[in-house]
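> Output the structure for:
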Amino acid sequence: MTDVLWAVILAGGVGSRFWPVSTPHRPKQLLPLAGSHPLIRQTVERIRPLVPDARIRILAGAGLARPILDAVPGLAADSLLIEPRARGTGPVLAWAAAEIARTSPDAVMIALHADHVIEPAADFRSLLERVCRASVAHGRLFTIGAQPTRPETGYGYIRAGEALPGEDECYGVEEFVEKPNAEKAGKYIEQGFLWNTGLFVWPVQLLLEEIRRHTPEIAEHLPLLEEGRAAEYFERVPVTTIDEGLLERSDRVAVARATFRWDDVGAWDAVARTQPLDSAGNVIMGDAHAVDSRDCILWADSGAIVVYGAEDLVVVQSGGITFVAPRDRTPDLKRLLAALPERLAKPDGAE
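The predicted structure is shown next:
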C-alpha cells in the first residue's frame, strides 16, 4: 500500500494570530513554535518515514518557496507546488489531486497542514497507514477526528455516525459543525463530538469524482487542470474550503479517531501547550525574563524583555515592534491588525 501514498502539505497561510513574529514573508509554519525547528520542517520529517520525498508535495505561494526549501534540509525544489494565487483549500487540494493523478492514477493522498503539532509521530503514521487502506476498501473520503480536551472555539467539530464494518475506530460522518461559541463547544464535547483536525486521506480519483458530483463551483474548472492550464484555473475558480465545498455535501465521508495528541498551533496561547514551561507556568523564548510572574508567554527576537509582577500576558518583541496583550485576547489578533496602520500590520512590506 505504501508505494501509492502521496503526502500533500498545505503551507500557504500567513498565521496572522502570531503577529508580529509571523508575517507574510515569514509565516508561522517557518517559526519554531513547537520545538527548536520550524513547524514545516517537523511536518515533513514526521511523514518522511512513510512517504518518500519524491511523493511529497508542499503547496505554497511563490514568495515562500525559497524560505521553505531553506527550512527543510534535503527537500528538492520539485517538491513544491506553487499556487498562482490563494483560493482556499478546496481548489488547491483539487489541483494537487489532479497533478498527482496525472502520473499516479491509483494514488492515495494524505493531506496535512504545515502548522500542526502531532505526537507521537509513530502512532500518527500507523493510523495513516490503516486509514489509507480503509479509504480504498470502503471508497470513503477520510478525515481524522481528535478527542477534545477543552471547549475550543477555534476548531470545527464532527459528529461521528455508524462504525465502518471491519475497521477500528472508523465511522461515517453524521455532521460537520463550524467553529462554535464556548457554550456550544462544551455541549459538543458532552455529546461525544470530535475535533475536525483538517487531516485528510483519500484516493485522488475518488476526491476528483466527488468534486464533480458535489462541488460544481470547482468542477466546472477541472478541465483547465486536465489541459495543464493551472494559472487560468486559479484565475477562474472561486475561493472555497474543502470542508464547506465538498465534505459537508458528500455522503462518502468517514472519520477515524486519532490515536495521537494533536494541536493546531493557532494563536499565541497555544505556545503554552507546545513549549516547555518554567516553574511558574511561563514560556520563555529568547532573551526574556519573568520575575514574580505567572502563566505568561514571552518571545524576544532581539533585545531583552523583562516582565515583573504580571500574570496571563503575552509579550512579544520582534521586528522593531513590542506587542503586549492578555493571553485570552490573542486569538482575536485579526481584529487588532485591521485597526493598525499598514506599516505595523505588515512590517515586512508584504501585500
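> What strand or helix carries the closest residue to residue 219 other than its chain neighbours?
Spatial nearest neighbour of residue 219, excluding adjacent residues (Cβ to Cβ, 6 or more residues apart in numbering): residue 212 at 4.6 Å. In short, each C-beta sits where N, CA and C put it, glycine included. Remark: residue 212 resides in helix 204-214, with elements defined by DSSP states H and E.
> My read is that residue 61 contacts residue 86, right?
Yes - counting by Cβ atoms under 8 Å, residue 86 is a contact partner of residue 61 at 6.8 Å.
> so what sits against both of these two?
Counting by Cβ atoms under 8 Å, 6 or more residues apart in numbering, the residues touching both residue 61 and residue 86 are residue 12.
> More neighbours: which of the two?
residue 61 (17 against 14; other Cβ atoms under 10 Å).
> Model confidence at the more buried one, what's the number?
For residue 61, the pLDDT comes out at 92.
> which residues in this structure form helices?
39-47, 65-71, 89-103, 121-138, 182-190, 204-214, 216-219, 222-226, 230-236, 242, 271-274, 333-339, 342-345 (DSSP state H).
> Out of those helices, which is the most enclosed?
Ranked by mean neighbour count, the helices of the chain are led by helix 242 with a mean of 25 (mean count of other Cβ atoms under 10 Å).
> tell me what it is packed against?
helix 89-103 (3 or more Cβ pairs under 8 Å, 6 or more residues apart in numbering; DSSP states H and E).
> got the angle between the helix it packs on and helix 204-214?
When axes from the mean of the first three to the mean of the last three Cα atoms, to 10 degrees is applied, the directions of helix 89-103 and helix 204-214 differ by 130 degrees.
> what are the C-alpha coordinates of helix 89-103, in CSV please?
The C-alpha trace of helix 89-103 is given here as CSV (Å, rounded to 0.1, in the frame of the first residue of the first chain):
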residue,chain,number,x,y,z
THR,A,89,-8.3,24.5,0.5
GLY,A,90,-10.9,23.3,-1.9
PRO,A,91,-9.4,24.5,-5.2
VAL,A,92,-5.8,23.8,-4.1
LEU,A,93,-6.4,20.2,-3.0
ALA,A,94,-8.3,19.5,-6.2
TRP,A,95,-5.3,20.9,-8.1
ALA,A,96,-2.9,18.7,-6.1
ALA,A,97,-5.0,15.6,-6.7
ALA,A,98,-5.2,16.3,-10.5
GLU,A,99,-1.4,16.8,-10.6
ILE,A,100,-0.8,13.5,-8.7
ALA,A,101,-3.4,11.6,-10.8
ARG,A,102,-1.6,12.6,-13.9
THR,A,103,1.4,10.4,-13.1
